[in-house]
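Novice: Next input, structure requested:
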Amino acid sequence: LDKSRLFHHSGAEKFHRHCTRTLFSNENLSRRRIIIVESNALVCSIAFGYASLSSFMFPLGAARNGMRKNDQDSVLLLAVGMDDGSIRIYCPKTGCFLMQLLDHRSTVGDIKFSPPTASMRSTLLSCSRDSTLKLWDMDDQGNMFKTLEGHGNREVVTCCSWSFDGKYAASGGTDTVLIIWETARWTPFHYLRLHRNTITCCEFAADNTLIASCSLDTSLILWNYHFGYPLAYFW
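Specialist: Numbering: from 1, shown residues only. Model prediction:
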């Protein structure tokens with residue numbers, strides 16, 4: 001982290017007048033503001049999520065009072081996937097840098113936190129140009145505990161997603177395959193093949209019945225991911 005800056009949303013002139021490198025008081029936090037975190041790497045993906053407060057007691061330090069708490073025992077986090085392969089974790093209330101997750105060897109194109117409704121530990125799922133997906137235990141200080149390989153050694157994994165019940169995850173990439181993962185053992189559940197070009201995005205429906213995927217081939221497909229067949233095509 002190079003700098004954290006605060007300015008009121010009223011123009012560039014005020015930005016220069018209100019620049020600061022300090023953490024912000026509770027009074028400032030309640031006012032409309034923009035926090036800019038400068039970095040020496042390109043930002044490629046972002047995600048909000050919660051993790052155990054105890055896991056971040058040390059890196060939070062004095063910034064703990066600025067964290068938004070959920071049910072008294074968890075904190076709101078901002079994860080940022082970088083072009084250099086790192087994932088940086090910030091306190092979104094203050095812009096405070098908390099930790100850096102290092103294991104990917106190339107650009108982190110997408111990151112998603114496990115849904116708070118799922119009966120599981122807070123887990124960050126990331127995918128990268130290095131052909132892998134990785135799982136990070138955010139309730140254990142971001143420990144990387146699993147690497148998933150299913151898209152081929154020379155393929156780019158472009159997107160990932162969680163089902164709302166946390167029982168499944170999905171990933172898509174340049175191999176044109178949408179993989180459904182069963183999260184109990186993190187094994188492939190279905191390989192869905194209909195797209196003819198890179199899959200750019202995938203998203204589960206909130207009722208845990210459907211998943212949608214879109215591609216550079218200009219198609220959008222709705223799937224029944226439980227049985228592995230398409231329900232509708234949009235071109």
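Novice: Please enumerate residues in contact with the host helix or strand of Val75?
Specialist: Following DSSP states H and E, one finds Val75 within strand 74-82. With contact meaning CB atoms under 8 Å, 6 or more residues apart in numbering, strand 74-82 is reached by 37, 39, 41-53, 56, 60, 67-70, 87-93, 98, 107-111, 113, 122, 124, 126, 138. All C-beta atoms are positioned from the backbone trio N, CA, C, and that covers glycine.
Novice: Strands - which of those land there?
Specialist: Among those, DSSP state E puts 37, 43-52, 69-70, 87-91, 98, 108-111, 113, 124, 126 in strands.
Novice: What's the PyMOL syntax to select whichever of those are buried?
Specialist: Selecting only the buried entries of those in PyMOL, with 16 or more other CB atoms under 10 Å as the criterion:
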select buried, resi 37+44+45+47+49+50+51+52+87+88+89+90+91+98+108+109+110+111+113+124+126
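Novice: Where does the prediction get shaky in this structure?
Specialist: Low-confidence segments of the chain, defined by pLDDT under 70, span residues 1-33, 57-72.
Novice: mind redoing it with 80?
Specialist: Residue ranges of the chain with pLDDT under 80: 1-40, 55-73, 117-118.
Novice: circling back: between the strand holding Val75 and strand 86-91, how big is the angle?
Specialist: Angle, strand 74-82 to strand 86-91, by axes from the mean of the first three to the mean of the last three CA atoms, to 10 degrees: 150 degrees.
Novice: Please state the offset of strand 74-82 from the chain centre?
Specialist: On the basis of CA atoms, centre = their mean, to the nearest Å, strand 74-82 sits 8 Å off its chain's mean C-alpha point.
Novice: Off-centre distance for stretch 176-190?
Specialist: Remark: stretch 176-190 is offset 18 Å from the chain centroid, using CA atoms, centre = their mean.
Novice: same thing with stretch 155-167?
Specialist: With CA atoms, centre = their mean, you get 10 Å for stretch 155-167.
Novice: Could I get the buried residue list for that stretch?
Specialist: Result for stretch 155-167 [16+ other CB under 10 Å]: buried residues 155-163, 165-167.
Novice: Let's see which of the residues you listed end up in strands.
Specialist: Secondary structure from DSSP E places 157-162 of the buried residues of stretch 155-167 in strands.
Novice: can you pull the contacts of Asp165?
Specialist: 115, 117-118, 208.
Novice: again with Arg88
Specialist: 1, 39, 79-80, 82, 97, 99-101.
Novice: what do you get for Val43?
Specialist: Listed by CB under 8 Å, 6+ apart, the contact partners of Val43 are 80-83.
Novice: what do you get for Asn197?
Specialist: By CB under 8 Å, 6+ apart, Asn197 lies in contact with 176, 215-217.
Novice: Helices of the chain, start to end?
Specialist: Using DSSP state H, the helices found in the chain span residues 12-17, 26-29, 57-60.
Novice: Now, of the contacts of Arg88, which are buried?
Specialist: Applying 16+ other CB under 10 Å to the contacts of Arg88 flags 39, 79-80, 82, 97, 99, 101 as buried.
Novice: Distance to Phe234 added to those, as CSV?
Specialist: Shown next, in CSV, are the buried ones among the contacts of Arg88 (distance: CB to CB, whole Å):
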residue, distance to Phe234
Ser39, 37
Ala79, 30
Val80, 32
Met82, 33
Phe97, 41
Met99, 40
Leu101, 36
